[in-house]
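> 3D model of this:
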Amino acid sequence: MGVWKLTASGERAPESSNSLSNASREKEPWLLATSITTKATQEAKKIVNIYQARIQIEESFRDLYP
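Below you'll find the model as predicted:
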């Protein structure tokens, strides 16, 4: 998942050391707190997916602009 830089030959470029160190630090499970109430598993999964997309965008900016 994510956007990858490609080399001139079209292969995936290696990740930056900053990106790798951030990724290794982020292996812990999430604890999400929300004011949205739901008893349905599907709704809870949607909330997690929305948060996952948001945090991925934030981390991408952090990796690009250290």
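> can you tell me the SS state at the residue of the chain positioned farthest from its centre?
Ranked by distance from the centre of the chain (C-alpha atoms, centre = their mean), the top residue is residue 9, with 26.8 Å. Under DSSP: H, G, I helix; E, B strand; the rest coil, residue 9 falls in the coil class.
> cool, residue 28 as well?
Classified using three-state DSSP, residue 28 is coil.
> so residue 57 sits in a helix?
Yes: assessed by three-state DSSP, residue 57 belongs to a helix.
> what about it, distance to residue 51?
For residue 57, the distance to residue 51 equals 11 Å [C-beta to C-beta, to the nearest Å]. From N, CA and C alone the C-beta is placed, and that goes for glycine too.
> the two: which is more packed in?
residue 51 (13 against 10; other C-beta atoms under 10 Å).
> chain neighbours aside, what residue packs nearest to the more buried one?
Spatial nearest neighbour of residue 51, chain neighbours left out: residue 32 (6.0 Å); criterion: C-beta to C-beta, 6 or more residues apart in numbering.
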